[in-house]
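Peer 1: structure for this input, please:
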Amino acid sequence: LPPYSAGDTLAAGDPFVREGICAVCREEAGPLMIHMATCRRWQLLWRQREVFAAEGAVGISLRTRARLRQMITYIEEHYGERLTLEQIAQAANISRSEAVRCFRKGLGESPVQYVTEYRLSRARSRLLTTADPVTDIALETGFENCSYFDRAFKKRYGMTPQELRRKTWKKMPASPFPGG
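Peer 2: Predicted coordinates for the structure are as follows:
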């Protein structure tokens, strides 16, 4: 199977899908290859979950879905950087106003709101899984202002990043290692 890249999408007519199905049908793939192909398809589906959710909405054209998919992929690859509406729109070769229209129609929020939500979710994940300083996490997830990060985080999750950490660490068992 060809290597997965961040810009891959899944579509019924996609040669990637056809190749995987044909390999299984020809019995050229052993159990491990079938498992790997299945995992790869799930990974693609997961990466495109927002767009697939939007497909259920009435009036979402294929063109709008494709544009959303391109912009979301761009955001997921560049969320730690300074992002502008112009850059997000450029990822789908459309104007800023068309980008806003696509997001509003497909996801019910603006691109800026989507970026903020995505950054907050990535920051929350890092807060729960690493001991990295809160300031580093804020900066690495694209928040240039730590006080804005704290306010946005509290508004979204009902507690500050520090409170989330304290609450989570209280629940963790003591270290099983001597001296830890």
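Peer 1: what segments of this protein are helices?
Peer 2: Here the chain has its helices, by DSSP state H, at 15-25, 31-47, 49-55, 62-78, 85-91, 96-107, 111-129, 134-140, 146-157, 161-171.
Peer 1: so what does the fourth one touch, helix or strand wise?
Peer 2: In this structure, helix 62-78 makes packing contacts with helix 49-55, helix 85-91, helix 96-107, helix 111-129, judged by 3 or more CB pairs under 8 Å, 6 or more residues apart in numbering; DSSP states H and E. In short, each C-beta sits where N, CA and C put it, glycine included.
Peer 1: for Lys170, find the nearest of those helices.
Peer 2: Closest approach to Lys170 among the helices and strands packed on helix 62-78 (CB to CB): helix 111-129, 13.1 Å.
Peer 1: ok, which of the helices and strands packed on helix 62-78 comes nearest Tyr79?
Peer 2: Of these, nearest to Tyr79 by CB to CB is helix 111-129, at 5.5 Å.
Peer 1: buried residues, the closest one. List them.
Peer 2: Pro111, Tyr114, Val115, Thr116, Tyr118, Arg119, Leu120, Arg122, Ala123, Arg124, Arg126, Leu127 (16 or more other CB atoms under 10 Å).
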